[in-house]
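Asks: Build me a structure from this.
(chains A and B)
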Amino acid sequence: MSLKIEQVTKRFGNFTAVDDLTLEIPEKQIFGFLGSNGAGKTTTFRMILGLIDATEGKITWQGEPINYERTDQIGYLPEERGLYPKLSVRDQIVYLARLRGMNKKDAVVELEKWLEKFEVPQNIDKKIEELSKGNQQKIQFISAVIHQPKLLILDEPFSGLDPVNVEMMKAAVVDLKESGTTIIFSSHQMNTVEEICEYLCIIQEGKPVIHGSLKDVKRSFGKKNVFIHADFDLTFLKDLSGVVNYKATSEGCKIQIESEEISQSILEAVQKVGFVRRFALEEPSLNDIFIAKVGKSYE
Amino acid sequence: MNKFWIVLSHSFMTRFKSKSFIITTAIFLLFIVGIGNVDRIIGLFDSDDVDQVAVIDETGELYHSLVEQNELLEVNYELVDYDGTLEDAEEEVLSGVFNGVLHIESDPDLYFSAVYYTDQLINQSIQYQLMGNLQQIKDARAMIDQGIDQAVLEAIYQPISFETIALELSDGTTARTEEEIGVARGLVYMMIIILYMAVLMYGNMIAMDIANEKSSRVMEILISSSSPISQMFAKIIGISLLGLTQIGLFLVVGYFMIQSRAEDMVGEFFEFFGFSDVPVSTYIYAIIFFLLGYFLYATLSAMLGSLVTRMEDVSQILMPMTLLIFIAYFIAIFGINMPESSLVTITSFIPFFAPFVMFLRVGLLEVPTWEIALSIGLSIGTIILLALIGARVYRGGVLMYGRSASLKDFKRALQLSKKDK
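Replies: Now for the predicted structure:
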């Protein structure tokens, strides 16, 4: 009963924005949707919401396509933030909540709760244009979740926020997941995705590059990172078999290896040469995986 | 349907409560009350200062006749019998004491002759009144000198009896009298001007509203909550209701003002714009054609408004529509004086002009019912067609964020909304 995207393609004229995308997004989990600008994230979201039609393939949620009869169960935070600049927070949220099928009284109660949670209860009667960007974003977030949606789509929810607000919002997203909301979440900040998503998909030029649970993705990638801090020259490691990538750091180097086992031979090799201050075997980061798969970095 | 009402009441209420709406409405109401009381306002400024005219009467007998006649006619200036010389009097005119000097001399051929010296040639009503009065005095004297007695004089000046009777037409109605036409003309004028202003103002408002939602990017949330098509119609109807509320308010205030001052309002102006003799059907047609014109242009502006992203581009994209409204307006205004011309007849069937021009024909002429029905039918058809196209353009247009503001976007919007399967 999850959200299924089956062989979906979207073309605008000659341009293919999304190319044969198949995804299954599990219920009550946070699904990370990664991709650079123009990779097709927003187009995919718009197709999920039914705002634009797929050229080929179909998208279903709980077995049915999403249409205007079911929008009350869906929350959407678009990438381009948008609120009426001249309306007060209260009028704004009440209007948007009513459009999601809430009544006015409940909307105000919920709004007060959320403002309390985000520590800005004094903003309820202020106009949007009077608020700081971070506070506007909180209001935008509230507008997406106030009606307790079952499916929540967040397009770049944390961009442009300061670290304190990012933490606050992350916590809110995790809370929503725990209360049973299915969340799809796009970002190009790999570390945030690693932190809160169980499942993820990376798309590049409309095609999925990596897809699955975070653990599986990392496991199937196989390669590991080794961090070495030592005072002598480590460049000889480049030529060892099993070393895929070598990168000098200020205190030593970071190398990527084919598999865990190789780490031991490397350890032996460096110990022979001299004193090693740090030797660590770590899981690859998503960024490493992406670079390995696509050949270039996001950030 | 429920969401339709939410959008409708939102579009209505946010505008209705806004400062700009309250202020413009108040200014308009003041303007209406001001127009209605224009005579009092003018009176307020020049009631104290009565114009004076110095009279140097060398015949010695005309001054009193002139004063007597002025008393009968209720003129708005005073005559002063002036003792000094003409030069002194001229000095006093220049220094502002008198409006002018009337110098009357005996003339052996014409009883008398008069010269009016003044420094004001803009307002000539005093000269004309003086001239008229002197002419009458002279006429009476000449006749009495010829030995015509008073009774004969009266018979000469007795106006003849002349009456125009409208013949009954084949359908049982009569041709309209001059007075009725004048009245109908007043109504047509008013309706055309109101419709013209309404489509420009509220059409612009609708387009701005949509462009505003797009430029503030709130649109994407809105259309993910409820269907863009129902939103478009809710917005059109919401703002239309706002417009109708405003116009209704003006009409009610205008009506009560005319009522309260009905007794004072005699005179050509109000007879020209009087409405008592207009048949009820004309009022009904006024409402029908008003609504047709209004919705036609409102739908068009919603469609155009959905194509632009920035507020600055709204007037540019509305340009073709504004031109269309101008043309319709001018055809109608010129057509009032020649309602039977073929230009008027033809354009009364063209949907974008019909609401203006067909109403003009209905108001001023006897138009066969089938022609009216055809014109209304064509207009309704066009509104439906525009709504269908508009809905598709709107659906794609609201997701389109570009810099351009041209009709090329039209095609792109249609492509975006196309169900290409």
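
Asks: now B:Leu79, what's its secondary structure?
Replies: Secondary structure assignment for B:Leu79 (DSSP: H, G, I helix; E, B strand; the rest coil): strand.

Asks: Mind listing the residues bridging to it?
Replies: Per DSSP bridges, the residues bridged to B:Leu79 are B:Val53.

Asks: and it, what is it in contact with?
Replies: Listed by Cβ atoms under 8 Å, 6 or more residues apart in numbering or on different chains, the contact set of B:Leu79 reads B:Gln52, B:Val53, B:Val55, B:Tyr63, B:Leu66, B:Val67, B:Asn70, B:Leu102. Every C-beta, even on glycine, is put in place using the N, C-alpha and C of the backbone.

Asks: Same check on A:Asp288?
Replies: A:Lys223, A:Asn225, A:Gln256.

Asks: what do you get if the cut-off is 6 Å, keeping everything else the same?
Replies: Taking Cβ atoms under 6 Å, 6 or more residues apart in numbering or on different chains, we find A:Asp288 in contact with no residue.

Asks: Let me know the pLDDT of it.
Replies: In this prediction, A:Asp288 carries a pLDDT score of 81.

Asks: which stretch of helix or strand covers it?
Replies: Secondary structure from DSSP states H and E places A:Asp288 in helix A:286-294.

Asks: Go ahead and confirm B:Leu300 touches B:Thr322.
Replies: No - counting by Cβ atoms under 6 Å, B:Leu300 sits too far from B:Thr322 to count as a contact (10.6 Å).

Asks: Compare these two (neighbour count), which wins?
Replies: A count of neighbours by other Cβ atoms under 10 Å in any protein chain shown puts B:Leu300 above the other of B:Leu300 and B:Thr322, at 26 against 16.

Asks: how about whichever strand or helix holds B:Ser315: buried residues?
Replies: Assigned by DSSP H and E, B:Ser315 falls within helix B:314-335. For helix B:314-335, a neighbour-count test (16 or more other Cβ atoms under 10 Å in any protein chain shown) marks B:Val314, B:Ile317, B:Leu318, B:Met321, B:Thr322, B:Ile325, B:Ala328, B:Tyr329, B:Ile331, B:Ala332, B:Ile333, B:Gly335 as buried.

Asks: which among these gets closest to chain A?
Replies: Taking Cβ to the nearest Cβ as the measure, chain A sits nearest to B:Val314 out of these, at 16.5 Å.

Asks: Quick check: nearest residue in space to the closest residue to chain B within chain A, chain neighbours excluded?
Replies: Per Cβ to the nearest Cβ, A:Gly82 is where chain A lies closest to chain B, at 2.7 Å. In space, and not counting its chain neighbours, A:Gly82 is closest to B:Arg217: 2.7 Å by Cβ to Cβ, 6 or more residues apart in numbering or on different chains.

Asks: Same question for that neighbour, what's its three-state structure.
Replies: Under three-state DSSP, the three-state class of B:Arg217 is coil.

Asks: How much space separates it from A:Leu161?
Replies: In this view, B:Arg217 and A:Leu161 are 17 Å apart by Cβ to Cβ, to the nearest Å.

Asks: and if you look at B:Leu241?
Replies: Distance, B:Leu241 to A:Leu161, using Cβ to Cβ: 40 Å.

Asks: Following element in sequence after the top helix by length along chain A, please.
Replies: The residue-count maximum for a helix in chain A (DSSP state H) belongs to helix A:163-178. Next helix or strand after helix A:163-178 toward the C-terminus (DSSP H and E): strand A:182-187.

Asks: By proximity to chain A, which residue of chain B wins?
Replies: Nearest residue of chain B to chain A (Cβ to the nearest Cβ) works out as B:Arg217 at 2.7 Å.

Asks: Neighbours of that residue, how many?
Replies: Neighbours of B:Arg217 under the rule other Cβ under 10 Å: 17.

Asks: burial count for the nearest residue in space to A:Lys126 that is not next to it in sequence?
Replies: Take A:Lys126 and drop its neighbours on the chain: the residue closest to it by Cβ to Cβ, 6+ apart is A:Val89, 6.0 Å away. A:Val89 is flanked by 25 other residues according to other Cβ under 10 Å.

Asks: before we move on, what about the one 3 residues further on?
Replies: The local packing of A:Gln92 (other Cβ under 10 Å) involves 22 other residues.

Asks: Domain-wise, how is chain B divided?
Replies: Per automatic domain parsing, the domain ranges recorded for chain B read B:50-157, B:173-417.

Asks: For the shortest one, give the mean pLDDT please.
Replies: Summarised as a single mean, pLDDT over domain B:50-157 is 81.

Asks: how far out from the middle of the chain is it?
Replies: Counting by Cα atoms, centre = their mean, to the nearest Å, domain B:50-157 is centred 40 Å from the centre of its parent chain.

Asks: and chain A, which residues reach chain B?
Replies: Within chain A, the residues that sit near chain B (Cβ under 6 Å from any Cβ of the partner chain) are A:49, A:53, A:55, A:68, A:71, A:76, A:78, A:80, A:82-85, A:95, A:98-100.

Asks: Was I right to think B:Tyr77 contacts B:Asp51?
Replies: Yes - using Cβ under 6 Å, B:Tyr77 is in contact with B:Asp51, at 4.1 Å.

Asks: What does the residue nearest to A:Gly82 show for phi and psi?
Replies: Main-chain dihedrals, B:Arg217, degrees, to the nearest 10: phi 60, psi 20.

Asks: One more: B:Gly147?
Replies: When read as degrees, to the nearest 10, the backbone of B:Gly147 gives phi 80, psi 20.

Asks: from the residues of chain A next to chain B, which is closest to B:Glu154?
Replies: B:Glu154 has its nearest neighbour among the residues of chain A next to chain B in A:Tyr84, at 78.0 Å by Cβ to Cβ.

Asks: contacting residues around that closest one?
Replies: Counting by Cβ under 6 Å, 6+ apart, A:Tyr84 makes contact with A:Gln92, B:Val218.

Asks: quick check, it in a strand?
Replies: No - with three-state DSSP as the criterion, A:Tyr84 is coil rather than part of a strand.

Asks: I'd like to know how far it sits from B:His10.
Replies: From A:Tyr84 over to B:His10 the distance is 10 Å, taken as Cβ to Cβ.
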